[in-house]
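>>> what would the 3D arrangement of this be:
(4 chains)
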Protein chains: 2
Amino acid sequence: MDNRKNILDVALCLFHQKGYDAVSVQEIVEKAGITKPTLYYYFGSKYGLLEALLEDGFKRLNSRIYPAMECCDSDVREVLFQVTRAFMHFAVEDNKFFSFMLSLMYSAKENEPYQAVRPHLHSLYRSIIELFERNSQQLGNMNGRQEQFAMGFLGFLNQYAFTFMVKHDGQEDTLAEHVTDDEMRGLVQQFMYGIVN
Amino acid sequence: MDNRKNILDVALCLFHQKGYDAVSVQEIVEKAGITKPTLYYYFGSKYGLLEALLEDGFKRLNSRIYPAMECCDSDVREVLFQVTRAFMHFAVEDNKFFSFMLSLMYSAKENEPYQAVRPHLHSLYRSIIELFERNSQQLGNMNGRQEQFAMGFLGFLNQYAFTFMVKHDGQEDTLAEHVTDDEMRGLVQQFMYGIVN
DNA sequence: TATATATTATACCGATTGGTATACAAACTG
DNA sequence: CAGTTTGTATACCAATCGGTATAATATATA
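Got it, this is the predicted structure:
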């Protein structure tokens, strides 16, 4: 188990830095201090390694997002805040995986890494759309624009996290204290004002 | 000149579909109906081809954005609308380059394509920041948050264009008529409400 | 102790990678 | 016409790519 975890860590680090296609299997095994057959023993192929990486990462992300989505049905603003909070904390603490995921989200549609991340992203979209549908009566007349709102919200989350990461690039440890709840409540407020008109 | 243009077109198409690293020089010259020495005669290297591609594309983008930025100083809302309009029309008409640019924006920082696009993105950021600084008195107290607003605005533009492209994927010809001025004015309004509070 | 199973290393594979040396043809220039 | 620049093709390069056949370990179970 130790070796498998080690490979995943090294691979994530390299994919995050250089991108999937620019990283060779050789480079991964060298940095991990093992040899190729070991990697292929665990993951079967480079693509298999990518899939395992995404499986693990989205499991971590979902374990934060889903509870936040179902914390309180009564107040939309509070739900969106909790989701934003969960999302941002994940982006800060698991920032290598997060920025790798972000890069895949907007990447070319016909290459391997996007094909691998597609189902995970799709279920993330679905969850957020469902979130808006569940609270549609509180948001006034949405007219089937749930999808648009969901995409807008996700874009809003991404942009916020991305900006934050660019600004605090390099600092690894003391990030969490810079993302205050008040700031996030303000941004959710800002996002909602556009929606409820 | 015909051959050079042809190579650039084919390369853009492939980079857009599969990503820079996943496309081989061999594939480009085959699809372009030429041979490798011809490509290397014009661009020197694969990276040189990428640089030329970006140079051309950002020239096209800037020729739309800059005039829009300086159309009218008096009304911020109108300026932001004109920029949004220019940006969206570019995204629709030059959509292959646009989505390639978008993929590079969020891509890994240490690989070649990001290094190549960095200066272009940086000057785009600078222009938008300057836009907000120029109109700061109309937007109330910005407290040096011009950068944050600029990033937010760019994220807003990207998300809008991205959502639009996902929705209308595949249709090549009749896109322009779907991006109405009214819709864009509404979105700018929505964005601004968050800023001026 | 004997056997089975999970890990790991050595050494290798054919295919493809970005890039080039050489030569030849076209076209412009003196 | 002679010479030079521009443009293109054939054939090739070492290096690297993802992946594997083989065999030796370590560990656990019987």
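>>> drop to CA atoms for contacts and neighbour counts, all remaining ones
OK.
>>> any low-confidence regions in chain A?
A:1, A:141-144, A:170-177, A:194-197 (pLDDT under 70).
>>> helix, strand or coil for residue A:110?
coil (DSSP: H, G, I helix; E, B strand; the rest coil).
>>> quick check: it touching residue B:22?
No - the criterion here is CA atoms under 8 Å, and residue A:110 misses it with residue B:22 at 10.0 Å.
>>> neighbour count winner among the two?
Neighbour totals were compared for residue A:110 and residue B:22, and residue B:22 leads with 17 against 14 (other CA atoms under 10 Å in any protein chain shown).
>>> next, the closest residue to that one other than its chain neighbours: phi, psi?
Among residues not flanking residue B:22 along the chain, residue A:21 sits closest, at 6.1 Å (CA to CA, 6 or more residues apart in numbering or on different chains). Here is the backbone geometry of residue A:21 (degrees, to the nearest 10): phi -70, psi -30.
>>> wait, residue A:21 touches residue B:21, no?
Yes - using CA under 8 Å, residue A:21 is in contact with residue B:21, at 5.7 Å.
>>> now do residue A:23 against residue B:39, distance only.
According to CA to CA, to the nearest Å, residue A:23 and residue B:39 sit 25 Å apart.
>>> could you do residue A:13 as well?
Per CA to CA, residue A:13 is found 34 Å from residue B:39.
>>> these two: who's more crowded?
Per other CA under 10 Å, whichever of residue A:13 and residue B:39 has more neighbours is residue B:39, with 22 against 16.
>>> dump the residue contacts of residue A:42.
residue A:4 (CA atoms under 8 Å, 6 or more residues apart in numbering or on different chains).
>>> touching DNA strand C at all, whatever helix or strand residue A:67 lives in?
Element membership for residue A:67 (DSSP states H and E) is helix A:46-69. No - counting by CA under 7 Å from any atom of the strand, no contacts exist between helix A:46-69 and DNA strand C, the nearest distance being 13.6 Å.
>>> quick one: check that helix for contact with chain B.
No - Helix A:46-69 lies out of reach of chain B by CA under 8 Å from any CA of the partner chain, never closer than 13.5 Å.
>>> same question, stretch A:131-142
No - using CA under 8 Å from any CA, we find that stretch A:131-142 stays clear of chain B, coming within 15.1 Å at best.
>>> coming back round to it: distance check, the residue nearest to residue B:22 against residue B:85.
35 Å.
>>> so between those two, which is more surrounded?
Ranked by neighbour count (other CA under 10 Å), residue A:21 and residue B:85 place residue B:85 first, with 21 against 15.
>>> and residue A:73, helix, strand or coil?
Going by three-state DSSP: residue A:73 is coil.
>>> where does chain A come near chain B, residue by residue?
Contact residues, chain A versus chain B (CA under 8 Å from any CA): A:15-19, A:21-22, A:99-100, A:102-104, A:106-111, A:148, A:151-152, A:155-156, A:159-160, A:163, A:190-191, A:193-195, A:197.
>>> let's see 7 Å
A:16-19, A:21-22, A:102-103, A:106-111, A:151-152, A:155, A:159, A:163, A:190-191, A:193-194 (CA under 7 Å from any CA of the partner chain).
>>> of those, just the buried ones, PyMOL syntax please.
Buried subset of those, written as a PyMOL selection, criterion 16 or more other CA atoms under 10 Å in any protein chain shown:
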select buried, chain A and resi 16+17+18+19+22+102+103+106+107+108+109+111+151+152+155+159+163+190+191+194
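>>> in helices only, show me the residues of chain A next to chain B.
Cross-referencing the residues of chain A next to chain B against helices under DSSP state H gives A:16-18, A:102-103, A:151-152, A:155, A:159, A:163, A:190-191, A:193-194.
>>> among the residues of chain A next to chain B, which are within reach of DNA strand D?
Answer for these near DNA strand D (CA under 7 Å from any atom of the strand): residue A:21.
>>> how does chain A divide into domains?
For chain A, automatic domain parsing gives the domain ranges A:1-44, A:58-196.
>>> just send those back as TSV, with distance to residue B:68 too.
What follows is the domains of chain A, written out as TSV (distance: least, CA to CA, whole Å):
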stretch	distance to residue B:68
domain A:1-44	35
domain A:58-196	24
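>>> what's the closest of the ones you listed to residue B:136?
Set against residue B:136 and scored by CA to CA, the domains of chain A come closest in domain A:58-196, at 18.8 Å.
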